[in-house]
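In: what would the 3D arrangement of this be:
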Amino acid sequence: MSVRIENRCCDCAVPGYPCLGNSCPNRHVEVHYCDNPKCNNEIEFDEIYEVDGEELCLDCLKKKFRKEC
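Out: As a prediction, the model looks like this:
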């Protein structure tokens, strides 16, 4: 399972509203990545497919189960 905590700060602080620092929800975002080393694309949480202990994106899932001709 490839899960990384990333800083997705978007510099949203504007005059009169200071940066929230470490309490900002964008500072510690859990991001899932496809476990296929050839892919490693970011996956939305509701689009993760778990197969044989791996978390795969839809494209890699299809490739894994594609029928060989």
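In: list the backbone torsions phi and psi for V3.
Out: phi -120, psi 130 (degrees, to the nearest 10).
In: list the contacts for it?
Out: Residues counted as contacts of V3 (CB atoms under 8 Å, 6 or more residues apart in numbering) are E30, V31, H32, Y33. From N, CA and C alone the C-beta is placed, and that goes for glycine too.
In: how close does the residue nearest to N7 when sequence neighbours are not counted get to E42?
Out: In this structure, N7 finds its nearest non-sequential neighbour in R27, 5.5 Å apart by CB to CB, 6 or more residues apart in numbering. To E42, R27 is 18 Å away according to CB to CB, to the nearest Å.
In: of the contacts of V3, buried ones?
Out: H32, Y33 (16 or more other CB atoms under 10 Å).
In: which of the contacts of V3 lies closest to E47?
Out: H32 (9.0 Å; CB to CB).
In: average pLDDT for the strand or helix carrying that closest one?
Out: Per DSSP states H and E, H32 falls inside strand 29-33. Strand 29-33 carries an average pLDDT of 94.
In: from the chain's centre, how far out does the first helix or strand past that strand going along the chain sit?
Out: Going down the chain from strand 29-33, the next helix or strand is strand 42-43, by DSSP H and E. Relative to the chain's own centre, strand 42-43 is displaced by 4 Å; criterion: CA atoms, centre = their mean, to the nearest Å.
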